[in-house]
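Q: my questions concern the predicted model and sequence given below.
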Amino acid sequence: MSGLQTGLLAAVGIVFLLLAANFQSLRLSLVAVSALPGVIAGVAVMLWLTHTTLNIQSFTGAIMSVGVAMANAILLVTFAERARQGGAAAAVAAVQGARGRLRPILMTSCAMVAGMLPMALGLGESGSQSAPLGRAVIGGLVMGTFSTLFVMPAVFSLVLGRRPFRSGSLDPTDPSSPHFQTSKLNS
């Protein structure tokens, strides 16, 4: 169990660092990772409601739901940041990002929940062995989807606030970079 806990924490840390490199912003990475407490709370509540223990199967389900929730969070943050680059205020950009990615996020989550429902019910001869995985995924995705669509836009607008868009690029040939140099392009 301690290995799984370490693996989950390492996965979150690695995802955070990869997002920081991808977005070129620690703030946007923090916003994307802000959906994870909702996922973990959803897993815990579902396991508690169904009187299911925390075991290898449920931990695996928690890791799966973290992965799907992070994919949804990245979609929303990418679209919200694109709206902010277009000149929208952070709060408006967050709402536009959530509105623009509502259907894909709901489709992904609903498809995963529907696929895990038979497993979560634990029907069949060995159904009770795999039921914790399905229950953890369902609980994590339900709360993770809510967190992604409602909490994360609020975090986006709070973290980015009134800051104007500024590219994090260090490339001197990138026109949006603060290090852009026109003299080297003309030579």
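A: That came through fine. Numbers count the residues shown, from 1 in each chain.
Q: for the most centrally placed residue in the chain, which non-adjacent residue is closest in space?
A: In the chain, the residue lying closest to the centroid (Cα atoms, centre = their mean) is residue 70, at 2.6 Å. Among residues not flanking residue 70 along the chain, residue 15 sits closest, at 5.8 Å (Cβ to Cβ, 6 or more residues apart in numbering). C-betas here are computed from N, CA, C, even on glycine.
Q: what's around that neighbour, how many residues?
A: Neighbour count of residue 15, defined by other Cβ atoms under 10 Å: 19.
Q: and it, how far from residue 162?
A: Distance, residue 15 to residue 162, by Cβ to Cβ, to the nearest Å: 28 Å.
Q: could you count how many residues lie near residue 9?
A: So residue 9, with other Cβ under 10 Å, has 10 neighbours.
Q: where does it sit, in terms of helix or strand?
A: Here residue 9 sits within helix 2-23, counting by DSSP states H and E.
Q: determine the set of other helices and strands touching that helix.
A: With contacts defined as 3 or more Cβ pairs under 8 Å, 6 or more residues apart in numbering; DSSP states H and E, the packing partners of helix 2-23 are helix 26-33, helix 56-85.
Q: so for residue 46, which of those helices sits nearest?
A: Of all these, helix 56-85 sits nearest to residue 46, with 9.0 Å by Cβ to Cβ.
Q: what's the angle between the closest one and helix 2-23?
A: Computed with axes from the mean of the first three to the mean of the last three Cα atoms, to 10 degrees, the direction of helix 56-85 lies at 10 degrees from that of helix 2-23.
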